[in-house]
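S.K.: Sequence plus the predicted model coming up.
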Number of protein chains: 2
Amino acid sequence: MRIGELAARTGVSVRSLRYYEEQGLLTSSRSVSGQRHYTEAEVERVRFIQRLYAAGLSSRTISDLLPCVDTPSEGNSDAALERMAQERNRLSEHIDELVRTRDALDGLMATARAHRESEVLAHRVRARRGSGEGTSAPRVPES
Amino acid sequence: MRIGELAARTGVSVRSLRYYEEQGLLTSSRSVSGQRHYTEAEVERVRFIQRLYAAGLSSRTISDLLPCVDTPSEGNSDAALERMAQERNRLSEHIDELVRTRDALDGLMATARAHRESEVLAHRVRARRGSGEGTSAPRVPES
DNA sequence: CTAAAACCTGACATCAACGTCAGAGGCAAG
DNA sequence: CTTGCCTCTGACGTTGATGTCAGGTTTTAG
């Protein structure tokens, strides 16, 4: 397939695909007229690249690791394996931090809800003193 | 405290602190001569801002949410609560994606290790045919 | 054949979160 | 008062991934 189709199928812009090639993350066979052609395998590869980007890896780091993906031979696998382990740990730490931040957000939301509830109750008290019920349980969805 | 101390205690550069104020994420009382002064509370606030940044939120988004942190009143809490829930979900999806990426990295590492092991075994076979044992089980640590 | 659509290279633009520098003023200690 | 350190504003530089545009070639549809 040509670059437009790859872009459409991966959701990545044509510009980015060319940039990936420029950075050595992606290769293409060229037709005689110089147009890039890709195989099905490149679809998955581009998606993986995107996920590594989303994981916070730089293109430099990705290009360090991707050869290891292509040809898991002994030449690269020794040094690159350590590099991968290192990046994996960074990623793991990052995940932990994000989870803690999510927990903090949950805490804030709970506080905000509590404030809202208390105000709603105050309104109701002002409206009619001592209402029996009529309001369904204040469903506070969990994590 | 003045800005230098806040920077030292949070590990954030002086430049960044001024930038935060410029973006409306942080406020300071000014001395007559115009110097910024902060209280202890700002230390925690800066750390929280950092974590939101690390969670991938933009300064714009953070400034949308932080008022809700400051004054959890009904004025902001209604719209901002939805915003927070939305960001929380984005964060959650992001975390899931990172976990999947980490799993993918684990898979790659396992593959690389397998290749290395097989080569090591090949070497040993070439060295002496039919060794009984002596190699402990090829420990492939799990996620 | 011809026009539209897709592609090429190369270059400059953008955006966010900073770094860095210049020039000027504030503040405590000697 | 001077020396040294901290702070101020304002402006320009940086980096990485990408947008965008120009000017030209190739492919495709009619």
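M.R.: Received, thanks. Numbering: from 1, shown residues only, chains lettered A, B, ... in the order given.
S.K.: Give me the helices and strands touching the lengthiest helix in chain A, please.
M.R.: When chain A is parsed with DSSP state H, its longest helix is helix A:74-127. Packing partners of helix A:74-127 (3 or more CB pairs under 8 Å, 6 or more residues apart in numbering or on different chains; DSSP states H and E): helix A:59-70, helix B:40-54, helix B:59-70, helix B:74-127. Where C-beta positions appear, they are placed from N, C-alpha and C, glycine not excepted.
S.K.: Could you report the distance from A:Glu5 to B:Leu108?
M.R.: Distance of A:Glu5 to B:Leu108, computed by CB to CB, to the nearest Å: 27 Å.
S.K.: out of these two, which sits in the more crowded spot?
M.R.: Neighbour count, other CB atoms under 10 Å in any protein chain shown: between A:Glu5 and B:Leu108, B:Leu108 has more, with 20 against 12.
S.K.: In terms of pLDDT, where does the more buried one sit?
M.R.: Looking at B:Leu108, its pLDDT reads 84.
S.K.: now do the one 5 residues further on
M.R.: The model reports B:Arg113 with a pLDDT of 81.
S.K.: dump the residue contacts of the residue nearest to the spatial centre of chain A.
M.R.: With distances taken as CA atoms, centre = their mean, the residue of chain A nearest its centroid is A:Ala54 (4.3 Å). If a contact means CB atoms under 8 Å, 6 or more residues apart in numbering or on different chains, then A:Ala54 has B:94, B:97-98, B:101 as its contacts.
S.K.: Which PyMOL command selects the buried ones in those?
M.R.: PyMOL command restricting those to the buried ones, with burial defined by 16 or more other CB atoms under 10 Å in any protein chain shown:
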select buried, chain B and resi 94+98+101
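S.K.: If you drop the residues flanking it in sequence, what lies closest to A:Phe48?
M.R.: Nearest non-adjacent residue to A:Phe48, counting by CB to CB, 6 or more residues apart in numbering or on different chains: B:Ala104, 6.9 Å away.
S.K.: Okay, the one you found and A:Leu66: tell me how far apart.
M.R.: In terms of CB to CB, B:Ala104 sits 12 Å off from A:Leu66.
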